[in-house]
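**Q** Need coordinates for the following:
(one chain, ligands or ions: 1)
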Amino acid sequence: MATSSFFDKKNIIVRPPSKSFSNALTTSQFTNGEKPDYNLAIKQHNKYINTFKELGLNVIILEPEEEYPDSCFVEDQALIIDNNVFFPIPGAPSRIGEQKKIVQTLSPHMKSIHWCKEPGRIDGGDVVRVGDIFYIGLSSRSDKNGVTQFQEFLTKLGYESYIIKVPDFSLHLTTLCSSPNPNLLLIPEGSHDDLIFTNLPQSVEIITIPDIETYGCNTIGINGKVIISEGYPSVKQVLIERGLEIIELPMSEFRAVDGSLTCLSLFFH
Ligand code: CIR
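**A** Prediction:
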């Protein structure tokens, strides 16, 4: 998930897709409206899980939830900063009930627990951490009230944060960018003028990726390696050029419903 620091990925929470997954919400931004294939999604999700096991993480696997077609996208349901958690109220009404099991699972491990209050709305997928600075997307899912509450939580923890207006064509801020390590930020070419990263440290290199590979800009950095989606050669190349070891994962079924690599996990230490 996009709020954990580069160094604190020890435990990971995932939830496999349920059989209702083909009814997950989608903007069809990345497809022609085809529904995802449940069996293939399970195979892809297993690879995702095995990757983290091989990387030495403790993987906590929640039970699939039939009632919630989008419930594999756990990133949206909790914002964990240094083992302090802010539980958002998700922007999509159909996704609010997904949070229950995550609250039960995470809470015993957290140093402090905070809750978004009505009428605020914010999805975890709208938060991107670059080093120790947080960028928060104002989007169709995250409103000013929810974002402001989350910023207050960050301020109490001693972190700077800035708001970025997410372009209408995109679901979340994490749909468009990621920071696979504290010195890198990947963004698509066409979003360059829209995504203003205020006070970005000079040490951070912004790498612009061709628009055709927008989906590939969502990556997960872990233990000196970077997990990327399969089929994004420019993303792969720029990261290899910077000396990073790449792990590629097939993500087609999640992409069909606007889900990227970071959306499928929650990390804590
Ligand atoms: C949704 O529309 O909510 C899901 N189909 C996709 C959620 C993706 N989550 C994320 O970017 N963090």
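**Q** then the helix or strand hosting Asn50 to CSV, C-alphas only?
**A** Secondary structure assignment for Asn50, by DSSP states H and E: helix 38-54. Extracted in CSV, the C-alpha atoms of helix 38-54 (Å, rounded to 0.1, in the frame of the first residue of the first chain):
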residue,chain,number,x,y,z
TYR,A,38,-12.7,-14.9,-11.5
ASN,A,39,-10.5,-18.1,-12.0
LEU,A,40,-7.7,-16.1,-13.7
ALA,A,41,-7.9,-13.4,-11.0
ILE,A,42,-7.4,-16.1,-8.3
LYS,A,43,-4.3,-17.4,-10.1
GLN,A,44,-2.9,-13.8,-10.4
HIS,A,45,-3.7,-13.2,-6.8
ASN,A,46,-1.9,-16.4,-5.7
LYS,A,47,1.2,-15.2,-7.5
TYR,A,48,0.9,-11.9,-5.7
ILE,A,49,0.7,-13.7,-2.4
ASN,A,50,3.6,-16.0,-3.2
THR,A,51,5.8,-13.1,-4.2
PHE,A,52,5.4,-11.5,-0.8
LYS,A,53,6.0,-14.9,0.9
GLU,A,54,9.2,-15.4,-1.1
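**Q** neighbouring contacts of that helix?
**A** Contact with helix 38-54 is made by 12, 14, 16-17, 19, 21-22, 59, 61, 72, 222, 227, 247, 249-254, 261, 264-265, as judged by CB atoms under 8 Å, 6 or more residues apart in numbering. Just so you know, the C-beta spots here come from the backbone N, C-alpha and C atoms, and that holds for glycine as well.
**Q** which of those residues count as buried?
**A** Among the contacts of helix 38-54, those scoring as buried are 12, 14, 16-17, 21-22, 59, 72, 222, 227, 247, 249, 251-254, 261, 264-265 (criterion: 16 or more other CB atoms under 10 Å).
**Q** Filter those down to the ones in helices?
**A** Using DSSP state H, the members of the buried ones among the contacts of helix 38-54 that fall in helices are Ser252, Glu253, Phe254.
**Q** Quick one, grab the pLDDT at the one residue in the chain that gets nearest to the ligand.
**A** Relative to the ligand, the nearest point of the chain is Gly125 (2.4 Å; CB to the nearest ligand atom). pLDDT for Gly125: 98.
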